[in-house]
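[1] Need coordinates for the following:
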Amino acid sequence: MSYNPTYTDKELLLLVSKGDESAFEQLYDRYLPLIQPVILQIVKSEAVVKDLVQGLFLRLWLNREKLTEIQEPKSYIFRMVYNQSFKYLKKQLTEEKAALQIAADQGGNDLAPSLEQHLDMTEVRRLIEAGIQAMPAQSGLIYRLNRIQGHKPQEIADQLGISVQSVRNSLTRSGKFLKEYLQHQGITLPLLLIALAMQ
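    Prediction:
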């Protein structure tokens, strides 16, 4: 699908439900500036905002087949924002209480659910890192410079003494390689989420 800013939110959700990554990126670009300030207002931590945004869009993608049922996309997404933000706050309180309880009683395991949730994203990051390590050295370097450090293709080309087109070609190959690498590990994610996971 080519970029089309005139799609309605509902049309984008329908396209995402069919696995359209371009529509997913458009939805992300459309909602990111709307939801970041709301999450920040609730959790009061910019570092946490980034993690919650990643989690929210990861959940949207993983449950994309259910998006066809959504009649009010904006309400649905903001309900997810509020639920996830308040769930985070509740988890923080639970962890603090659990830590105190564990200190008094070695048998407590109240931390298990939150640790499992944390390990999921940690495992995805670990697999992406392993995928980058498995690339040819220059491809891995170009991917890191662009996707992780945020350098533009022209800057990378100048730094490495290669053409901008070579940088772009390398990024395209690396993106496909990482998607396939993760698929072999049983994880299917769009390139956008792969890039976000490493930022």
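[2] And this protein, split by domain according to the record?
    9-104, 112-197 (automatic domain parsing).
[3] okay, these in JSON lines with mean pLDDT and mean neighbour count next?
    From N, CA and C alone the C-beta is placed, and that goes for glycine too. Output for the domains of the chain, formatted as JSON lines (pLDDT from 0 to 100; neighbours: other CB atoms under 10 Å):
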{"stretch": "domain 9-104", "mean pLDDT": "87", "mean neighbour count": "16"}
{"stretch": "domain 112-197", "mean pLDDT": "83", "mean neighbour count": "16"}
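[4] Run through the strands of this protein in chain order.
    Counting by DSSP state E, the chain forms no strands at all.
[5] can you give me the helices in it?
    9-17, 21-43, 46-62, 73-104, 112-134, 137-143, 153-160, 164-184, 191-197 (DSSP state H).
[6] list the helices and strands the second one packs on?
    What it means is helix 21-43. helix 9-17, helix 46-62, helix 73-104, helix 191-197 (3 or more CB pairs under 8 Å, 6 or more residues apart in numbering; DSSP states H and E).
[7] ok, residues contacting it?
    1-5, 7, 9, 12-13, 15-16, 46, 48-49, 52-53, 56-57, 60-61, 77-78, 81-82, 84-86, 88-89, 190-192 (CB atoms under 8 Å, 6 or more residues apart in numbering).
[8] Equivalent analysis for the first one, please.
    Here helix 9-17 makes contact (CB under 8 Å, 6+ apart) with 1, 7, 22-24, 26-27, 30, 60-61, 64-68, 70-71, 73-74.
[9] Check the last one too.
    For helix 191-197, the external contacting residues (CB under 8 Å, 6+ apart) are 21, 24-25, 28, 53-54, 57-58, 61, 121, 124-125, 128, 147, 175, 178-179, 182, 189.
[10] same deal with the third one?
    With contacts defined as CB under 8 Å, 6+ apart, helix 46-62 is touched by 16, 24, 27-28, 32, 35-36, 39-40, 43, 67, 77, 80-81, 84-85, 88, 121, 189-190, 192-193, 196-197, 199.
[11] switch the cut-off to 6 Å
    Outside helix 46-62, the residues that touch it by CB atoms under 6 Å, 6 or more residues apart in numbering are 28, 36, 39, 40, 80, 84, 193, 196.
[12] by how many degrees do that helix and helix 9-17 diverge?
    Inter-element angle recorded for helix 46-62 and helix 9-17: 70 degrees (by axes from the mean of the first three to the mean of the last three CA atoms, to 10 degrees).
[13] Kindly export helix 46-62 (C-alpha atoms) in CSV.
    What follows is helix 46-62, C-alpha atoms only, in CSV (Å, rounded to 0.1, in the frame of the first residue of the first chain):
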residue,chain,number,x,y,z
GLU,A,46,9.4,10.1,29.7
ALA,A,47,11.3,6.8,29.8
VAL,A,48,8.1,5.0,30.8
VAL,A,49,6.2,6.8,28.0
LYS,A,50,8.5,5.2,25.4
ASP,A,51,8.0,1.7,26.8
LEU,A,52,4.2,2.1,27.1
VAL,A,53,4.0,3.4,23.5
GLN,A,54,6.0,0.4,22.3
GLY,A,55,3.8,-2.0,24.3
LEU,A,56,0.6,-0.4,23.0
PHE,A,57,1.5,-0.6,19.3
LEU,A,58,2.9,-4.1,19.9
ARG,A,59,-0.5,-5.1,21.3
LEU,A,60,-2.3,-3.5,18.4
TRP,A,61,-0.2,-5.4,15.9
LEU,A,62,-0.4,-8.8,17.7
